[in-house]
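Asks: give me a 3D structure for the following:
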Amino acid sequence: MSKPYVVGIDIGGTNTVFGIVDARGHVVAADSVKTRKHADFDDYIAELHEGLSRLIKANEAENQIQGIGIGAPNGNYYTGEIINPPNLPWGPVIPLAEKVSKAFGGIPVAVTNDANAAAVGEMTYGAARGMKDFIMITLGTGVGSGIVINGQLVYGSDGFAGELGHVIMKRNNGRVCGCGRTGCLEAYCSATGVARTAREFLEVRTEPSLLRNLEIEDITSKDVYDAAMAGDKLAKDIFNYTGEILGEAFADMAAFSSPQAFILFGGLAKSGDLLLKPIKESFDKNVMPIFRGKAKILVSELKESDAAVLGASALGWEARYRYEAPHIEKTEED
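Replies: Numbering: from 1, shown residues only. Predicted coordinates for the structure are as follows:
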């Protein structure tokens, strides 16, 4: 008996990673192509088709792919398009689902942004299994989020709901964010935000720090982590500052969706108690009493090397259902 598989595709600014995933959430095989290699989108699709077809054939999965899920910057679940994508050479509107489905003979395709894909993956394979209400927070170069309420991902009226990285945390004299506004959560609590905090602290504070041995403009969040793990007080204070802001943001988020958990994913999430302890303390301090003690703050259970493909692949099963559902005939009147 043949096995059903889905394909997960994660489109990043540099690389596009894709893989074949079975029903148990096991990545059977994975590979990648360069995202920006082709200025023409059709040429990119052709290379993606060639690479993925080769992978499918090598793993004897022909005619067993049930659906394809794609996580992409500014991916729109409703339309299957990428709209004004940051760091991608095509646009402003890319008919991603249509092109990929056509290239693979009509296999159903679902598209969303990378943070939403991570949330679906966590709900299907990871720490959110069995949860109907949670918020996924991705802490990478930026801050992304996926909001799940009553078992459903929140997309909003236009497919772009859930940009919690761009709630404003500092309304007066806030940092300029990549979105063009000032004071956004992303400007403080992303990996780049941590590096910005380090530069600010080094400029206004005078105590010794291991970070002073580095070129100030080259400092990364990893440098801050290494210094904190070595006992550096200023570096620890940077993590405390970051965690306090995240905890305040989570307290506000709890007020509108009352999640069972906040699940953290990305490089900063691996900082452990350096970040989790101040988040929890700040959350407990700032959350409304009615929500206190209810929401857990967890770290993703998805294996980092497989997370992008798994998150996208979970959409593949959903794409299959969406394709089949309209063809199910009613047997009785409502």
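Asks: what about the strands in the stretch 151-300 of the chain?
Replies: 152-153, 261-265, 296-299 (DSSP state E, counting those that start in this stretch).
Asks: so I279 versus D114, what's the distance?
Replies: 22 Å (CB to CB, to the nearest Å). C-beta: built from backbone N, CA, C; applies to glycine.
Asks: hmm, K37 is touching A46, no?
Replies: No. In this structure K37 lies outside contact range of A46 using CB atoms under 8 Å: 11.1 Å.
Asks: so which residue is dead centre in the chain?
Replies: By CA atoms, centre = their mean, the chain has its centre lying nearest to A115, at 2.6 Å.
Asks: now A39. Nearest residue, chain neighbours left out?
Replies: Leaving out its chain neighbours, the residue that sits closest to A39 by CB to CB, 6 or more residues apart in numbering is P89, at 5.5 Å.
Asks: from memory Y241 sits against E200, does it?
Replies: No. If you go by CB under 8 Å, Y241 and E200 don't touch, sitting 9.4 Å apart.
Asks: higher neighbour count, these two?
Replies: Y241 (19 against 13; other CB atoms under 10 Å).
Asks: what sits against the more buried one?
Replies: Contacts for Y241 (CB atoms under 8 Å, 6 or more residues apart in numbering) come out as 197, 201, 278.
Asks: got those as JSON lines, with pLDDT, distance to A23 and neighbour count columns?
Replies: Converted to JSON lines, the contacts of Y241 look like this (pLDDT from 0 to 100; distance: CB to CB, whole Å; neighbours: other CB atoms under 10 Å):
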{"residue": "T197", "pLDDT": "98", "distance to A23": "43", "neighbour count": "23"}
{"residue": "F201", "pLDDT": "98", "distance to A23": "48", "neighbour count": "18"}
{"residue": "P278", "pLDDT": "98", "distance to A23": "39", "neighbour count": "21"}
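Asks: just those: which are in helices?
Replies: 197, 201, 278 (DSSP state H).
Asks: does the first one really touch N240, like I thought?
Replies: What it means is T197. No. Using CB under 8 Å, T197 is not in contact with N240, being 10.3 Å away.
Asks: please save the CA atoms from stretch 135-152 in PDB.
Replies: The C-alpha coordinates for stretch 135-152 follow below in PDB (Å, rounded to 0.1, in the frame of the first residue of the first chain):
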ATOM      1  CA  ILE A 135       0.200  32.300  20.200                       C
ATOM      2  CA  MET A 136       3.400  31.400  18.300                       C
ATOM      3  CA  ILE A 137       6.200  34.000  18.500                       C
ATOM      4  CA  THR A 138       9.200  33.700  16.200                       C
ATOM      5  CA  LEU A 139      12.300  35.500  17.500                       C
ATOM      6  CA  GLY A 140      14.700  35.800  14.600                       C
ATOM      7  CA  THR A 141      15.900  38.700  12.500                       C
ATOM      8  CA  GLY A 142      12.400  40.000  13.100                       C
ATOM      9  CA  VAL A 143       9.600  39.100  15.400                       C
ATOM     10  CA  GLY A 144       6.800  37.100  13.800                       C
ATOM     11  CA  SER A 145       3.600  35.600  15.200                       C
ATOM     12  CA  GLY A 146       0.800  33.200  14.500                       C
ATOM     13  CA  ILE A 147      -2.400  33.300  16.500                       C
ATOM     14  CA  VAL A 148      -4.500  30.300  17.000                       C
ATOM     15  CA  ILE A 149      -8.000  30.700  18.500                       C
ATOM     16  CA  ASN A 150     -10.500  27.800  18.900                       C
ATOM     17  CA  GLY A 151      -8.200  25.600  16.800                       C
ATOM     18  CA  GLN A 152      -8.100  28.000  13.900                       C
END
